[in-house]
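> Okay, structure incoming, though there's no sequence with it:
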């Protein structure tokens, strides 16, 4: 039987809200917060669900919620409103254990994505969702990237962050150089001194790592120099560039068979 929470000031509620707001707190706790029935149930299949909160209305629609988490709490509507990010919600919220991955865990040969200073959580989430869709298995994140386990990125990725090996790295160029030493082809998404994507073979026997930078700044010179080569997506002169999430998804699709 689930315990009932009637106060917005309950410590369990405060803890969940802090996880939702603070990337530093999520990192220290090795945990993250998610909202929504589908997202929470999908995540529960990929990583441990420590605590689940739900309203009476949500439980009536989905009785299985009561046995989904290690701990479960029935929350009043006004408490759910505090947990919810927006004005409307489905009455289902969860606190999950954050999956741990190290650089040594990345599959080589394999298909990898590296992000440098991609600050928009929507773009980070979209790129992780595309990576999972096209068979990529691991992601490297430089300092300055949005937290893939933040609420906005999680929603954009549809929980893909929990199904990939996500590895933060303190110095991305060094990590890219280490991948090259292992035989992985490392390709920068850049406009200058680059080859059109349709001239680059999709098959890379040693695996591939695609390196994508922020929309505003692109990749640093150090990151580009650490790569084997640079590639670009041919586009018409009607637009200057593509959104990072869109451009990255095109690249991920092109190399979906690399290393396999």
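Cool, got the structure. Everything numeric in this text was worked out from a predicted model, so none of it was measured. Numbering: from 1, shown residues only.

> which ones are touching residue 219?
For residue 219, the contacting residues are 116, 188, 189, 190, 211, 212, 213, by CB atoms under 8 Å, 6 or more residues apart in numbering. To be clear about C-beta, it is placed using only N, CA and C from the backbone, and glycine gets the same treatment.

> Now the helix ranked longest in the chain: buried residues?
In terms of residue count, the longest helix belonging to the chain (DSSP state H) is helix 121-133. By neighbour count, with 16 or more other CB atoms under 10 Å as the criterion, the buried positions of helix 121-133 are 121, 122, 123, 124, 125, 126, 127, 128, 129, 130, 131, 132.

> The following helix or strand past that helix pairs with which strands, and in what direction?
Stepping forward along the backbone from helix 121-133, the first helix or strand reached (DSSP states H and E) is strand 138-141. The strands beside strand 138-141 in its sheet (DSSP bridges) come out as strand 111-116 (parallel), strand 165-168 (parallel).

> Do me a favour and average the pLDDT over the last one.
I take that to be strand 165-168. The average pLDDT for strand 165-168 rounds to 96.

> After that strand, which helix or strand is next?
Remark: after strand 165-168, the chain's next helix or strand is helix 172-181, criterion DSSP H and E.

> who touches that next one?
Contacts to helix 172-181, defined as CB under 8 Å, 6+ apart, come from residues 103, 106, 108, 112, 114, 116, 140, 142, 169, 186, 209, 211, 220, 222-223, 225-228.

> for the record, mean pLDDT for it?
Summarised as a single mean, pLDDT over helix 172-181 is 98.

> Please apply the same query to stretch 219-231.
Across stretch 219-231, the per-residue pLDDT values average to 96.

> Then stretch 23-32?
96.

> repeat for stretch 193-210
Over the span of stretch 193-210, the pLDDT mean works out to 90.

> List the buried residues in it.
194, 197, 200, 204, 207, 208, 209, 210.

> ok so, going back, need the contacts of residue 219 in TSV (columns: secondary structure and distance to residue 91).
Conversion of the contacts of residue 219 to TSV gives the following (DSSP: H, G, I helix; E, B strand; the rest coil; distance: CB to CB, whole Å):
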residue	secondary structure	distance to residue 91
116	strand	38
188	strand	44
189	strand	40
190	coil	45
211	strand	40
212	strand	36
213	strand	39
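
> Among the residues you listed, which one lies nearest to residue 249?
Distances from residue 249 to the contacts of residue 219, taken as CB to CB, are shortest for residue 212 (10.0 Å).

> With residue 9 as the reference, name the closest of the strands paired with strand 138-141.
With CB to CB, the closest approach to residue 9 among the strands paired with strand 138-141 belongs to strand 165-168: 33.1 Å.

> What lies in contact with the closest one?
Where contact means CB under 8 Å, 6+ apart, the residues beyond strand 165-168 that reach it are 99, 101-103, 105-107, 128, 137-141, 143, 145, 148.

> if we go to 7 Å?
Contacts to strand 165-168, defined as CB atoms under 7 Å, 6 or more residues apart in numbering, come from residues 101, 102, 103, 105, 106, 137, 138, 139, 140, 141, 148.

> List the buried residues in that strand.
Buried residues in strand 165-168, counted by 16+ other CB under 10 Å: 165, 166, 167, 168.

> How are the strands of the chain distributed by residue range?
Counting by DSSP state E, the segments of the chain that form strands are 3-5, 31-35, 49-54, 71-75, 92-97, 111-116, 138-141, 165-168, 185-189, 195-196, 208-213, 229-232.

> what's the spacing between stretch 244-252 and its chain's center?
Between the centre of stretch 244-252 and the centre of its host chain there is 14 Å, according to CA atoms, centre = their mean, to the nearest Å.
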